[in-house]
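*Asks:* Have a look at this prediction, sequence included:
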Amino acid sequence: MKTDIHPNYRPVVFQDLTDGTHFLIRSTIETSETITLDDGIEYPLAKVEITSASHPFFTGTMKIIDTAGRVERFERRYGSRRKG
């Protein structure tokens, strides 16, 4: 077996930017930020735009999440969406 070819597999906190929930799971993602949870241990932090806690498929509610201005660009081009 070759040595030093495997990525660092460790606990990482993924934080949902839309509602602030966070999940502690194991991952190989490289991050520069850290967070200290209630257990007092500092973990690497990865911020994501959407998770199962905020995705419409899992929550049953429709919410527009726009971080890149795509909705405004679409509405300018094709008009605003219908209400109701």
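*Replies:* Here it is on my side, so go on.
*Asks:* what about V12, neighbour count?
*Replies:* 21 (other Cβ atoms under 10 Å). C-betas here are computed from N, CA, C, even on glycine.
*Asks:* Okay, now the unreliable bits of the chain?
*Replies:* Scanning the chain for pLDDT under 70 picks out the ranges 55-60, 62-68, 80-84.
*Asks:* CA atoms only for the longest helix anywhere in it, dumped as PDB, please.
*Replies:* The longest helix of the chain (DSSP state H) is helix 70-78. The C-alpha trace of helix 70-78 is given here as PDB (Å, rounded to 0.1, in the frame of the first residue of the first chain):
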ATOM      1  CA  ARG A  70     -30.500  34.500 -10.500                       C
ATOM      2  CA  VAL A  71     -34.100  35.200  -9.500                       C
ATOM      3  CA  GLU A  72     -33.800  39.000 -10.000                       C
ATOM      4  CA  ARG A  73     -32.100  38.400 -13.400                       C
ATOM      5  CA  PHE A  74     -34.900  36.000 -14.400                       C
ATOM      6  CA  GLU A  75     -37.600  38.500 -13.300                       C
ATOM      7  CA  ARG A  76     -36.000  41.300 -15.200                       C
ATOM      8  CA  ARG A  77     -35.800  39.200 -18.300                       C
ATOM      9  CA  TYR A  78     -39.200  37.500 -18.200                       C
END
